[in-house]
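*Asks:* with the input below, show me the fold.
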Amino acid sequence: SSTGVKYVAFVSKSIPSPVRWSFFAFVFTIPFEDQELGFMSGSFAKLCGFLFFAAYFFYHNSLFSKRSLPHPSKPMWWFLGYLAVYTLNGIFIPRELLSSFLTRLLSLLQLNVVFWIASDLLQEGKMEKNVLLIFSLSSVILAAGAIFHLFGIELTEGHGRATAMGVNPGTLGVQMALAA
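*Replies:* Residues are numbered from 1 along each chain as shown. Next up is the predicted model:
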């Protein structure tokens with residue numbers, strides 16, 4: 001007998017496991033970014049970030065997948081506008097400041113790409129909660145390691161304040177405030 005009830009199925013756009021877990025690893029290592037590894041140049045956070053980007057672009061391209069890169073959101077266009085203005089400002093930079101300008105430009109470009117990708121991934125409700133939990137947990141581990149001298153994390157004096165791993169105290173304060 002017909003009850004008049006209709007069922008509707010929604011196909012969710014799930015995030016591939018390698019992308020999800022590499023993003024979690026990247027977020028977990030952000031508070032430890034200034035920790036240098038002895039066996040390689042750069043930090044573990046940079047390595048995790050590279051692996052995350054590789055996984056994301058592998059799964060979101062037209063050659064290997066039906067997924068395409070997400071359309072930039074409205075806030076993303078504002079960030080791109082800022083990047084364009086900053087880039088045009090480089091025309092008026094003296095030669096001796098060009099190296100510093102290009103370093104900052106590369107950092108801004110990387111931040112724009114991270115924002116673009118993360119804003120797409122964090123559309124999934126569970127994903128955003130997990131990312132916040134993982135970042136908070138890694139910040140607690142860094143703080144506990146610094147206080148109790150765990151995991152080889154030592155306090156160092158810098159700018160009149162003690163910080164973990166010789167990190168800039170302002171940067172560490174911002175990371176801890178974001179995690180709280």
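
*Asks:* pretty sure Val27 is touching Val131, no?
*Replies:* Yes - if you go by CB atoms under 8 Å, Val27 and Val131 touch, sitting 5.3 Å apart. C-beta coordinates here come from the backbone N, C-alpha and C atoms, glycine included.

*Asks:* beyond the helix or strand where Ser22 lies, next helix or strand please.
*Replies:* In the assignment (DSSP states H and E), Ser22 maps to helix 17-29. Once the chain leaves helix 17-29, the next helix or strand it forms, by DSSP H and E, is helix 44-59.

*Asks:* how many other residues sit next to the closest residue to Leu102 other than its chain neighbours?
*Replies:* Excluding the flanking residues, the one nearest Leu102 by CB to CB, 6 or more residues apart in numbering is Gly90, at 7.9 Å. When neighbours are defined as other CB atoms under 10 Å, Gly90 has 13 of them.

*Asks:* now Gly90: how far from Ile117?
*Replies:* Remark: distance between Gly90 and Ile117 (CB to CB, to the nearest Å) = 25 Å.

*Asks:* give me the nearest residue to Asn130, chain neighbours excluded.
*Replies:* Nearest non-adjacent residue to Asn130, counting by CB to CB, 6+ apart: Phe24, 6.9 Å away.

*Asks:* quick check: the one you found touching Leu132?
*Replies:* No - using CB under 8 Å, Phe24 makes no contact with Leu132, being 11.4 Å away.
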